[in-house]
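Enquirer: got a sequence here, can you model it:
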Amino acid sequence: MSPILTAILLGAAIINFIVLLVTYKPQAKYSKGMLFAVTLPAHVMDDANIRSIQAQFNKRLTKASLWMALFLIPLVLLHEWSAYQVIYFFVWFSAFFIWMTVPFRRAFRDTLALKREKEWFVGTKRVIRSDLRTAYLKNQSSASLWLFAIPFAMAIFLMLWGASEPDLLSLAVSGFALTVMFVLISLIMRRTKAKVYSTNSEVNVSLNQARRRYTSYLWLFMAIIENIHFMLIGLLITSENESMMGVWMTVTVLFIAIPVGLVIYVYRKITCLEQETLEQDGKTIYTDDDEYWSNGFTYHNPQDRSILVPKRVGVGETINTGTWVGKMIAGGSVGLVAVVIIGVSFMLIRSEMTSPVLTVTPEHRIQIDYPMYSFGFNMADIKQMELVDRVPSGIKTNGEATEKQSRGLFRLKELGNSRLYIFKNNPPYIRIKLDDVYIFYNEKDPLQTQQLFEQLQKQVKE
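Expert: Modelled structure (predicted):
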(Lines give C-alpha, C1' and ligand atoms only; values in the text may rest on other atoms or scores of the structure.)
Protein backbone atom coordinates (compact mmCIF):
# COMPACT_ATOMS: atom_id res chain seq x y z
CA MET A 1 0.00 0.00 0.00
CA SER A 2 2.86 2.37 0.81
CA PRO A 3 4.34 2.45 -2.74
CA ILE A 4 0.83 2.81 -4.18
CA LEU A 5 -0.02 5.68 -1.82
CA THR A 6 3.28 7.40 -2.60
CA ALA A 7 2.63 7.03 -6.33
CA ILE A 8 -0.90 8.43 -5.96
CA LEU A 9 0.29 11.46 -3.98
CA LEU A 10 3.14 12.16 -6.39
CA GLY A 11 0.71 11.79 -9.30
CA ALA A 12 -1.63 14.31 -7.68
CA ALA A 13 1.31 16.69 -7.18
CA ILE A 14 2.33 16.40 -10.85
CA ILE A 15 -1.25 17.08 -11.96
CA ASN A 16 -1.30 20.19 -9.74
CA PHE A 17 1.94 21.39 -11.32
CA ILE A 18 0.54 20.92 -14.81
CA VAL A 19 -2.75 22.69 -14.00
CA LEU A 20 -1.05 25.67 -12.35
CA LEU A 21 1.55 26.09 -15.08
CA VAL A 22 -1.02 25.75 -17.87
CA THR A 23 -3.19 28.31 -16.08
CA TYR A 24 -0.62 30.96 -15.15
CA LYS A 25 2.17 30.64 -17.73
CA PRO A 26 -0.01 31.98 -20.60
CA GLN A 27 -0.90 35.06 -18.54
CA ALA A 28 2.49 36.54 -19.51
CA LYS A 29 1.25 36.82 -23.10
CA TYR A 30 -1.14 39.50 -24.31
CA SER A 31 -4.52 37.92 -25.10
CA LYS A 32 -8.12 39.13 -25.32
CA GLY A 33 -6.98 42.66 -24.55
CA MET A 34 -5.36 41.61 -21.25
CA LEU A 35 -1.95 40.93 -19.77
CA PHE A 36 -1.77 39.33 -16.31
CA ALA A 37 -5.58 39.78 -16.11
CA VAL A 38 -5.19 43.56 -16.53
CA THR A 39 -6.90 45.21 -19.51
CA LEU A 40 -4.38 47.06 -21.66
CA PRO A 41 -4.25 48.58 -25.15
CA ALA A 42 -2.22 46.49 -27.61
CA HIS A 43 0.36 49.19 -28.38
CA VAL A 44 1.81 49.19 -24.82
CA MET A 45 3.23 45.66 -25.22
CA ASP A 46 6.44 47.20 -26.55
CA ASP A 47 6.94 49.25 -23.38
CA ALA A 48 10.21 48.39 -21.57
CA ASN A 49 8.48 48.24 -18.18
CA ILE A 50 5.96 45.72 -19.49
CA ARG A 51 8.72 43.52 -20.82
CA SER A 52 10.52 43.73 -17.48
CA ILE A 53 7.38 42.60 -15.62
CA GLN A 54 6.99 39.66 -18.03
CA ALA A 55 10.62 38.60 -17.54
CA GLN A 56 10.38 38.85 -13.73
CA PHE A 57 7.18 36.81 -13.73
CA ASN A 58 8.73 33.96 -15.73
CA LYS A 59 11.78 33.95 -13.48
CA ARG A 60 9.73 33.90 -10.26
CA LEU A 61 7.38 31.19 -11.56
CA THR A 62 10.32 28.95 -12.48
CA LYS A 63 11.95 29.51 -9.10
CA ALA A 64 8.70 28.78 -7.22
CA SER A 65 8.19 25.59 -9.24
CA LEU A 66 11.69 24.32 -8.45
CA TRP A 67 11.31 25.00 -4.71
CA MET A 68 7.93 23.25 -4.54
CA ALA A 69 9.38 20.27 -6.43
CA LEU A 70 12.25 20.04 -3.92
CA PHE A 71 9.75 20.04 -1.05
CA LEU A 72 8.30 16.83 -2.49
CA ILE A 73 11.41 14.91 -1.41
CA PRO A 74 10.24 14.57 2.25
CA LEU A 75 6.95 13.17 0.90
CA VAL A 76 8.87 10.25 -0.60
CA LEU A 77 11.03 9.78 2.50
CA LEU A 78 7.89 9.44 4.66
CA HIS A 79 6.68 6.37 2.71
CA GLU A 80 7.03 4.14 5.79
CA TRP A 81 4.64 6.35 7.78
CA SER A 82 1.48 6.67 5.72
CA ALA A 83 -0.41 8.89 8.18
CA TYR A 84 2.36 11.49 8.39
CA GLN A 85 2.92 11.22 4.63
CA VAL A 86 -0.71 12.19 3.94
CA ILE A 87 -0.57 15.03 6.48
CA TYR A 88 2.64 16.33 4.89
CA PHE A 89 0.93 16.20 1.49
CA PHE A 90 -1.95 18.34 2.85
CA VAL A 91 0.59 20.90 4.12
CA TRP A 92 2.51 20.83 0.84
CA PHE A 93 -0.72 21.10 -1.17
CA SER A 94 -1.85 24.19 0.79
CA ALA A 95 1.56 25.84 0.51
CA PHE A 96 1.70 24.95 -3.19
CA PHE A 97 -1.46 26.85 -4.11
CA ILE A 98 -0.38 29.87 -2.07
CA TRP A 99 3.25 30.00 -3.18
CA MET A 100 2.67 29.23 -6.86
CA THR A 101 0.23 32.14 -7.22
CA VAL A 102 2.67 34.68 -5.72
CA PRO A 103 4.47 35.40 -9.06
CA PHE A 104 1.15 36.06 -10.80
CA ARG A 105 -0.18 38.27 -7.98
CA ARG A 106 2.99 40.37 -8.06
CA ALA A 107 2.83 40.66 -11.84
CA PHE A 108 -0.83 41.68 -11.63
CA ARG A 109 -0.13 44.39 -9.03
CA ASP A 110 2.91 45.71 -10.94
CA THR A 111 1.01 45.79 -14.25
CA LEU A 112 -2.02 47.47 -12.69
CA ALA A 113 0.16 50.09 -10.97
CA LEU A 114 1.98 50.80 -14.25
CA LYS A 115 -1.33 51.08 -16.09
CA ARG A 116 -2.62 53.66 -13.63
CA GLU A 117 0.65 55.56 -13.73
CA LYS A 118 0.66 55.71 -17.54
CA GLU A 119 -3.17 56.07 -17.74
CA TRP A 120 -3.51 53.18 -20.18
CA PHE A 121 -7.29 52.84 -19.81
CA VAL A 122 -9.30 50.79 -22.27
CA GLY A 123 -12.91 51.27 -23.32
CA THR A 124 -15.48 52.63 -20.92
CA LYS A 125 -14.06 52.90 -17.44
CA ARG A 126 -15.83 51.03 -14.64
CA VAL A 127 -18.46 49.48 -16.92
CA ILE A 128 -18.93 45.90 -15.76
CA ARG A 129 -22.16 44.60 -17.28
CA SER A 130 -25.36 46.13 -18.57
CA ASP A 131 -28.92 44.87 -18.73
CA LEU A 132 -29.72 43.94 -22.28
CA ARG A 133 -33.32 44.13 -23.40
CA THR A 134 -33.26 40.43 -24.23
CA ALA A 135 -31.34 39.27 -21.15
CA TYR A 136 -34.56 38.59 -19.25
CA LEU A 137 -36.18 36.58 -22.06
CA LYS A 138 -36.45 32.86 -21.61
CA ASN A 139 -33.54 31.10 -23.27
CA GLN A 140 -35.12 28.34 -25.36
CA SER A 141 -31.71 26.89 -26.24
CA SER A 142 -30.78 25.92 -22.68
CA ALA A 143 -31.18 22.35 -21.49
CA SER A 144 -34.62 21.79 -20.00
CA LEU A 145 -34.59 21.45 -16.22
CA TRP A 146 -36.77 18.37 -16.69
CA LEU A 147 -33.73 16.60 -18.11
CA PHE A 148 -32.25 16.63 -14.60
CA ALA A 149 -34.87 13.97 -13.84
CA ILE A 150 -32.35 11.53 -15.37
CA PRO A 151 -29.55 12.06 -12.80
CA PHE A 152 -32.15 12.40 -10.02
CA ALA A 153 -33.61 9.01 -10.98
CA MET A 154 -30.10 7.54 -10.85
CA ALA A 155 -29.49 9.15 -7.45
CA ILE A 156 -32.80 7.82 -6.10
CA PHE A 157 -31.93 4.34 -7.35
CA LEU A 158 -28.62 4.61 -5.50
CA MET A 159 -30.50 5.72 -2.36
CA LEU A 160 -32.79 2.68 -2.57
CA TRP A 161 -29.75 0.47 -3.08
CA GLY A 162 -28.13 2.11 -0.06
CA ALA A 163 -31.22 1.36 2.04
CA SER A 164 -30.65 -2.36 1.48
CA GLU A 165 -26.85 -2.11 1.72
CA PRO A 166 -25.86 -0.05 4.79
CA ASP A 167 -22.29 0.21 3.48
CA LEU A 168 -23.60 2.24 0.53
CA LEU A 169 -25.79 4.68 2.45
CA SER A 170 -23.18 7.44 2.80
CA LEU A 171 -22.25 7.01 -0.87
CA ALA A 172 -25.91 7.27 -1.91
CA VAL A 173 -26.44 10.44 0.13
CA SER A 174 -23.31 11.96 -1.41
CA GLY A 175 -24.58 11.17 -4.92
CA PHE A 176 -27.94 12.79 -4.24
CA ALA A 177 -26.32 15.86 -2.66
CA LEU A 178 -23.97 16.25 -5.63
CA THR A 179 -26.91 16.09 -8.04
CA VAL A 180 -28.70 18.83 -6.09
CA MET A 181 -25.53 20.92 -6.18
CA PHE A 182 -25.25 20.61 -9.97
CA VAL A 183 -28.90 21.66 -10.38
CA LEU A 184 -28.33 24.72 -8.18
CA ILE A 185 -25.22 25.70 -10.15
CA SER A 186 -27.18 25.35 -13.39
CA LEU A 187 -29.97 27.55 -12.02
CA ILE A 188 -27.53 30.22 -10.84
CA MET A 189 -25.79 30.32 -14.21
CA ARG A 190 -29.10 30.62 -16.06
CA ARG A 191 -29.91 33.73 -14.00
CA THR A 192 -26.55 35.38 -14.54
CA LYS A 193 -26.89 38.77 -16.25
CA ALA A 194 -26.08 38.93 -19.93
CA LYS A 195 -22.57 39.97 -20.87
CA VAL A 196 -22.00 42.85 -23.28
CA TYR A 197 -19.64 41.79 -26.07
CA SER A 198 -20.48 44.24 -28.84
CA THR A 199 -22.51 47.29 -29.81
CA ASN A 200 -24.50 44.88 -31.96
CA SER A 201 -27.39 43.63 -29.81
CA GLU A 202 -27.96 40.57 -32.02
CA VAL A 203 -24.38 39.43 -31.39
CA ASN A 204 -24.84 39.93 -27.65
CA VAL A 205 -28.04 37.89 -27.64
CA SER A 206 -26.59 35.02 -29.68
CA LEU A 207 -23.38 34.76 -27.63
CA ASN A 208 -25.22 34.86 -24.31
CA GLN A 209 -27.68 32.22 -25.54
CA ALA A 210 -24.81 30.03 -26.71
CA ARG A 211 -22.99 30.40 -23.39
CA ARG A 212 -26.08 29.45 -21.40
CA ARG A 213 -26.86 26.56 -23.71
CA TYR A 214 -23.38 25.04 -23.41
CA THR A 215 -23.13 25.48 -19.64
CA SER A 216 -26.64 24.12 -19.01
CA TYR A 217 -25.79 20.90 -20.83
CA LEU A 218 -22.39 20.82 -19.13
CA TRP A 219 -23.89 20.60 -15.63
CA LEU A 220 -26.51 18.09 -16.81
CA PHE A 221 -23.84 15.75 -18.17
CA MET A 222 -21.70 16.30 -15.07
CA ALA A 223 -24.61 15.13 -12.87
CA ILE A 224 -25.16 12.03 -15.02
CA ILE A 225 -21.45 11.15 -15.18
CA GLU A 226 -20.92 11.48 -11.44
CA ASN A 227 -23.98 9.33 -10.66
CA ILE A 228 -22.58 6.63 -12.96
CA HIS A 229 -19.28 7.03 -11.10
CA PHE A 230 -20.98 6.53 -7.72
CA MET A 231 -22.81 3.45 -9.00
CA LEU A 232 -19.50 1.93 -10.10
CA ILE A 233 -18.01 2.70 -6.68
CA GLY A 234 -21.04 0.94 -5.16
CA LEU A 235 -20.31 -2.14 -7.27
CA LEU A 236 -16.71 -2.02 -6.04
CA ILE A 237 -17.78 -1.82 -2.40
CA THR A 238 -20.17 -4.76 -2.72
CA SER A 239 -17.70 -6.84 -4.75
CA GLU A 240 -15.49 -9.41 -3.07
CA ASN A 241 -13.22 -9.89 -6.09
CA GLU A 242 -9.95 -8.19 -5.21
CA SER A 243 -8.49 -9.02 -8.64
CA MET A 244 -10.79 -6.33 -10.06
CA MET A 245 -9.21 -3.62 -7.89
CA GLY A 246 -6.93 -2.42 -10.69
CA VAL A 247 -9.86 -2.16 -13.10
CA TRP A 248 -11.95 -0.24 -10.59
CA MET A 249 -9.09 2.17 -9.83
CA THR A 250 -8.69 2.83 -13.56
CA VAL A 251 -12.42 3.47 -13.93
CA THR A 252 -12.37 5.83 -10.96
CA VAL A 253 -9.46 7.80 -12.40
CA LEU A 254 -11.28 8.03 -15.74
CA PHE A 255 -14.47 9.29 -14.12
CA ILE A 256 -12.45 11.99 -12.38
CA ALA A 257 -10.64 12.96 -15.59
CA ILE A 258 -13.75 12.98 -17.82
CA PRO A 259 -15.57 15.81 -15.95
CA VAL A 260 -12.38 17.89 -15.92
CA GLY A 261 -11.93 17.34 -19.63
CA LEU A 262 -15.60 18.13 -20.25
CA VAL A 263 -15.34 21.48 -18.41
CA ILE A 264 -12.22 22.43 -20.36
CA TYR A 265 -13.81 21.42 -23.68
CA VAL A 266 -17.04 23.38 -23.08
CA TYR A 267 -15.30 26.60 -22.07
CA ARG A 268 -12.79 26.31 -24.90
CA LYS A 269 -15.75 25.89 -27.24
CA ILE A 270 -17.39 29.03 -25.82
CA THR A 271 -14.15 31.00 -26.14
CA CYS A 272 -13.66 29.95 -29.77
CA LEU A 273 -17.27 30.85 -30.59
CA GLU A 274 -16.86 34.28 -29.02
CA GLN A 275 -13.62 34.96 -30.88
CA GLU A 276 -15.00 33.89 -34.25
CA THR A 277 -18.24 35.86 -33.86
CA LEU A 278 -16.58 39.04 -32.63
CA GLU A 279 -13.94 38.95 -35.37
CA GLN A 280 -16.69 38.90 -37.97
CA ASP A 281 -18.75 41.53 -36.14
CA GLY A 282 -15.95 44.08 -35.70
CA LYS A 283 -17.84 46.01 -33.00
CA THR A 284 -16.26 44.57 -29.86
CA ILE A 285 -16.65 46.47 -26.57
CA TYR A 286 -13.81 46.34 -24.03
CA THR A 287 -14.63 47.12 -20.42
CA ASP A 288 -12.18 48.37 -17.80
CA ASP A 289 -13.08 46.79 -14.46
CA ASP A 290 -9.63 45.92 -13.09
CA GLU A 291 -10.41 47.51 -9.73
CA TYR A 292 -12.91 44.73 -8.99
CA TRP A 293 -10.41 41.93 -9.60
CA SER A 294 -8.33 41.47 -6.48
CA ASN A 295 -5.02 39.79 -7.40
CA GLY A 296 -6.37 39.16 -10.88
CA PHE A 297 -8.48 36.11 -10.04
CA THR A 298 -10.79 37.14 -7.18
CA TYR A 299 -13.84 39.19 -8.21
CA HIS A 300 -15.48 41.50 -5.66
CA ASN A 301 -18.09 43.96 -6.91
CA PRO A 302 -21.06 44.80 -4.61
CA GLN A 303 -22.67 46.75 -7.49
CA ASP A 304 -22.87 43.61 -9.64
CA ARG A 305 -25.64 41.26 -8.51
CA SER A 306 -24.28 38.32 -10.50
CA ILE A 307 -23.18 35.44 -8.27
CA LEU A 308 -20.96 33.83 -10.92
CA VAL A 309 -18.86 35.68 -13.49
CA PRO A 310 -16.44 34.42 -16.19
CA LYS A 311 -12.89 33.97 -14.94
CA ARG A 312 -10.07 36.16 -16.19
CA VAL A 313 -7.53 33.46 -15.38
CA GLY A 314 -8.21 29.87 -16.41
CA VAL A 315 -11.54 28.50 -17.63
CA GLY A 316 -15.00 28.48 -16.08
CA GLU A 317 -16.70 30.81 -13.65
CA THR A 318 -15.66 32.43 -10.40
CA ILE A 319 -17.66 33.73 -7.45
CA ASN A 320 -18.54 37.38 -6.97
CA THR A 321 -17.68 37.83 -3.29
CA GLY A 322 -19.43 41.20 -3.39
CA THR A 323 -22.80 39.40 -3.07
CA TRP A 324 -23.99 37.78 0.16
CA VAL A 325 -24.45 34.45 -1.64
CA GLY A 326 -20.91 34.72 -2.98
CA LYS A 327 -19.60 35.43 0.53
CA MET A 328 -21.45 32.38 1.89
CA ILE A 329 -20.13 30.11 -0.87
CA ALA A 330 -16.55 31.36 -0.51
CA GLY A 331 -16.58 31.22 3.29
CA GLY A 332 -18.33 27.86 3.33
CA SER A 333 -15.85 26.38 0.83
CA VAL A 334 -12.84 27.53 2.85
CA GLY A 335 -14.44 26.28 6.07
CA LEU A 336 -15.31 22.91 4.53
CA VAL A 337 -11.80 22.38 3.20
CA ALA A 338 -10.32 23.31 6.58
CA VAL A 339 -12.66 20.92 8.41
CA VAL A 340 -11.83 18.07 6.02
CA ILE A 341 -8.06 18.60 6.25
CA ILE A 342 -8.07 18.98 10.03
CA GLY A 343 -10.48 16.08 10.48
CA VAL A 344 -8.56 13.68 8.24
CA SER A 345 -5.23 14.71 9.82
CA PHE A 346 -6.65 14.13 13.31
CA MET A 347 -7.95 10.69 12.34
CA LEU A 348 -4.62 9.70 10.79
CA ILE A 349 -2.61 10.81 13.83
CA ARG A 350 -5.08 9.08 16.14
CA SER A 351 -4.76 5.92 14.08
CA GLU A 352 -0.99 5.99 14.58
CA MET A 353 -1.15 6.73 18.33
CA THR A 354 -4.29 4.89 19.47
CA SER A 355 -4.88 1.13 19.50
CA PRO A 356 -8.14 -0.79 19.93
CA VAL A 357 -8.76 -2.27 23.36
CA LEU A 358 -10.68 -5.53 23.87
CA THR A 359 -12.25 -6.13 27.28
CA VAL A 360 -14.70 -8.63 28.75
CA THR A 361 -17.39 -7.15 30.99
CA PRO A 362 -18.86 -8.88 34.08
CA GLU A 363 -22.02 -9.44 32.01
CA HIS A 364 -20.05 -11.79 29.70
CA ARG A 365 -19.99 -9.25 26.95
CA ILE A 366 -16.97 -8.52 24.73
CA GLN A 367 -16.37 -4.84 24.10
CA ILE A 368 -13.86 -3.49 21.56
CA ASP A 369 -13.22 0.21 22.12
CA TYR A 370 -11.82 2.36 19.35
CA PRO A 371 -12.96 5.91 18.38
CA MET A 372 -15.79 5.85 15.82
CA TYR A 373 -15.57 2.08 15.31
CA SER A 374 -16.29 0.63 18.76
CA PHE A 375 -18.27 -2.61 18.79
CA GLY A 376 -19.73 -4.92 21.40
CA PHE A 377 -21.48 -8.29 21.49
CA ASN A 378 -22.50 -11.03 23.90
CA MET A 379 -20.20 -14.01 24.28
CA ALA A 380 -23.24 -16.25 23.80
CA ASP A 381 -23.53 -14.92 20.21
CA ILE A 382 -20.14 -16.31 19.22
CA LYS A 383 -20.52 -19.07 16.63
CA GLN A 384 -16.83 -19.80 16.23
CA MET A 385 -13.55 -18.43 17.58
CA GLU A 386 -10.10 -19.43 16.43
CA LEU A 387 -6.55 -18.18 16.07
CA VAL A 388 -5.47 -17.68 12.44
CA ASP A 389 -2.26 -16.61 10.72
CA ARG A 390 -3.77 -14.56 7.92
CA VAL A 391 -6.62 -12.18 7.15
CA PRO A 392 -8.34 -12.62 3.76
CA SER A 393 -7.95 -9.82 1.28
CA GLY A 394 -10.81 -7.39 0.73
CA ILE A 395 -11.83 -3.75 0.57
CA LYS A 396 -12.62 -1.07 3.13
CA THR A 397 -16.23 0.07 3.27
CA ASN A 398 -16.04 2.41 6.26
CA GLY A 399 -12.89 2.60 8.31
CA GLU A 400 -9.17 3.23 8.36
CA ALA A 401 -6.54 1.37 6.36
CA THR A 402 -2.87 2.34 6.42
CA GLU A 403 0.36 0.51 5.77
CA LYS A 404 0.47 -0.71 9.38
CA GLN A 405 -3.12 -1.21 10.55
CA SER A 406 -6.75 -1.70 9.53
CA ARG A 407 -9.65 -0.61 11.73
CA GLY A 408 -13.35 -0.44 10.98
CA LEU A 409 -15.74 -2.06 8.50
CA PHE A 410 -14.42 -4.15 5.61
CA ARG A 411 -15.74 -6.62 3.07
CA LEU A 412 -13.38 -9.60 2.92
CA LYS A 413 -13.07 -12.18 0.19
CA GLU A 414 -15.07 -15.36 0.95
CA LEU A 415 -16.18 -13.97 4.33
CA GLY A 416 -18.15 -10.84 3.44
CA ASN A 417 -18.89 -8.19 6.08
CA SER A 418 -16.13 -8.00 8.67
CA ARG A 419 -14.79 -5.73 11.39
CA LEU A 420 -11.03 -5.40 11.59
CA TYR A 421 -8.99 -4.22 14.56
CA ILE A 422 -5.58 -5.43 13.50
CA PHE A 423 -1.92 -4.60 13.10
CA LYS A 424 -1.10 -5.72 9.58
CA ASN A 425 1.49 -8.42 8.86
CA ASN A 426 1.62 -9.23 12.53
CA PRO A 427 0.04 -12.69 13.11
CA PRO A 428 -1.63 -14.37 14.85
CA TYR A 429 -5.14 -12.90 14.65
CA ILE A 430 -8.19 -13.75 16.73
CA ARG A 431 -11.08 -14.50 14.37
CA ILE A 432 -14.59 -14.44 15.83
CA LYS A 433 -17.64 -15.44 13.82
CA LEU A 434 -21.04 -13.95 14.66
CA ASP A 435 -24.35 -14.37 12.82
CA ASP A 436 -23.74 -11.62 10.27
CA VAL A 437 -20.16 -10.48 10.66
CA TYR A 438 -16.61 -11.69 11.25
CA ILE A 439 -14.29 -9.94 13.69
CA PHE A 440 -10.49 -9.93 13.46
CA TYR A 441 -8.43 -8.65 16.38
CA ASN A 442 -4.80 -8.76 17.46
CA GLU A 443 -2.34 -6.98 19.73
CA LYS A 444 0.92 -5.48 18.56
CA ASP A 445 2.77 -8.14 20.57
CA PRO A 446 1.98 -11.63 19.17
CA LEU A 447 2.47 -13.15 22.63
CA GLN A 448 -0.24 -10.88 24.08
CA THR A 449 -2.57 -11.91 21.26
CA GLN A 450 -1.99 -15.59 22.14
CA GLN A 451 -2.63 -14.95 25.83
CA LEU A 452 -5.80 -12.96 25.12
CA PHE A 453 -7.12 -15.76 22.90
CA GLU A 454 -6.58 -18.34 25.64
CA GLN A 455 -8.39 -16.14 28.16
CA LEU A 456 -11.35 -15.68 25.83
CA GLN A 457 -11.51 -19.42 25.16
CA LYS A 458 -11.79 -20.16 28.87
CA GLN A 459 -14.52 -17.57 29.41
CA VAL A 460 -16.53 -18.75 26.38
CA LYS A 461 -16.54 -22.32 27.76
CA GLU A 462 -17.77 -21.21 31.20
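
Enquirer: what's the weakest-modelled helix or strand in this protein?
Expert: strand 124-125 (a mean of 48; mean pLDDT, DSSP states H and E).

Enquirer: quick check: the nearest residue to I156 once chain neighbours are set aside vs A163, distance?
Expert: Using C-beta to C-beta, 6 or more residues apart in numbering and skipping the chain neighbours, the partner closest in space to I156 is F176 (7.5 Å). For the C-beta atoms, the positions are set from N, CA and C on the backbone; glycine is no exception. F176 sits 12 Å away from A163, going by C-beta to C-beta, to the nearest Å.

Enquirer: show me which of these two is the more surrounded one.
Expert: F176 (20 against 11; other C-beta atoms under 10 Å).

Enquirer: do you know the pLDDT at that one?
Expert: In this prediction, F176 carries a pLDDT score of 90.

Enquirer: contacting residues for K29?
Expert: Contact analysis of K29 by C-beta atoms under 8 Å, 6 or more residues apart in numbering lists L35.

Enquirer: now do the buried residues in the helix or strand where T111 lies.
Expert: Assigning secondary structure by DSSP states H and E places T111 in helix 102-118. Under the neighbour-count criterion of 16 or more other C-beta atoms under 10 Å, helix 102-118 has 103-108, 110-112, 114-115 buried.

Enquirer: can you check stretch 29-36 too?
Expert: 30, 33-36.

Enquirer: point out the least confident member of the residues you listed, please.
Expert: Within the buried residues of stretch 29-36, pLDDT is lowest for G33, at 82.

Enquirer: isn't it right up against L40?
Expert: Yes. Using C-beta atoms under 8 Å, G33 is in contact with L40, at 7.1 Å.

Enquirer: for stretch 175-194, which residues meet the burial criterion?
Expert: Under 16+ other C-beta under 10 Å, the buried positions of stretch 175-194 are 175-176, 178-179, 182-183, 185-186, 188-190, 192-194.

Enquirer: do the same with stretch 343-350
Expert: For stretch 343-350, by 16+ other C-beta under 10 Å, it's 345, 348.

Enquirer: quick one: contacts of it?
Expert: Residues outside stretch 343-350 that contact it (C-beta under 8 Å, 6+ apart): 82-84, 86-87, 90, 371-372, 400, 402.

Enquirer: now the buried members of these.
Expert: For those, buried by 16+ other C-beta under 10 Å: 82-84, 86-87, 90, 400, 402.

Enquirer: now, which of these lie within helices?
Expert: Among the buried ones among the contacts of stretch 343-350, DSSP state H puts 82-84, 86-87, 90 in helices.

Enquirer: put together a markdown table for the residues you listed, with pLDDT and distance to Y441 on each row.
Expert: Output for these, formatted as a markdown table (pLDDT from 0 to 100; distance: C-beta to C-beta, whole Å):
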| residue | pLDDT | distance to Y441 |
| --- | --- | --- |
| S82 | 76 | 21 |
| A83 | 76 | 21 |
| Y84 | 83 | 25 |
| V86 | 84 | 25 |
| I87 | 86 | 27 |
| F90 | 88 | 31 |
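
Enquirer: want to throw those residues into JSON lines with distance to L236?
Expert: Shown next, in JSON lines, are these (distance: C-beta to C-beta, whole Å):
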{"residue": "S82", "distance to L236": "21"}
{"residue": "A83", "distance to L236": "24"}
{"residue": "Y84", "distance to L236": "28"}
{"residue": "V86", "distance to L236": "21"}
{"residue": "I87", "distance to L236": "26"}
{"residue": "F90", "distance to L236": "25"}
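
Enquirer: farthest-separated two in the residues you listed?
Expert: S82 and F90 (13.0 Å; C-beta to C-beta).

Enquirer: could you find the closest non-adjacent residue to V388?
Expert: Distances taken as C-beta to C-beta, 6+ apart put R431 closest to V388, at 4.9 Å, once the chain neighbours are dropped.

Enquirer: sec struct for the one you found, please.
Expert: Following DSSP: H, G, I helix; E, B strand; the rest coil, the label given to R431 is strand.

Enquirer: please name the bridge partners of it.
Expert: As for beta bridges, R431 partners with E386, F440 under DSSP bridges.

Enquirer: was I right to think V360 contacts L456?
Expert: Yes. The pair V360 and L456 passes the contact test of C-beta under 8 Å, sitting 7.2 Å apart.

Enquirer: anything in contact with each of the two?
Expert: By C-beta under 8 Å, 6+ apart, V360 and L456 have these common neighbours: I366.

Enquirer: show me which of those two is the more surrounded one.
Expert: Set side by side, V360 and L456 show more neighbours around L456, with 20 against 15, by other C-beta under 10 Å.

Enquirer: tell me the contacts of the more buried one?
Expert: Taking C-beta under 8 Å, 6+ apart, one finds 360, 366, 385, 430 in contact with L456.

Enquirer: now F93
Expert: With contact set as C-beta under 8 Å, 6+ apart, F93 has these partners: 12-13, 16.

Enquirer: likewise N442?
Expert: N442 neighbours (C-beta under 8 Å, 6+ apart): 421-423, 426-430, 449.

Enquirer: quick check, nearest of those residues to I319?
Expert: Y421 (44.0 Å).

Enquirer: for that closest one, which non-adjacent residue is spatially closest?
Expert: Nearest-residue entry for Y421: P356, 3.9 Å, with adjacent residues in sequence omitted and distances by C-beta to C-beta, 6+ apart.

Enquirer: wait, isn't that neighbour in contact with P371?
Expert: No. Using C-beta under 8 Å, P356 makes no contact with P371, being 9.5 Å away.

Enquirer: who are the contact partners of T359?
Expert: Neighbours of T359 in contact, by C-beta under 8 Å, 6+ apart: 366-367, 369.
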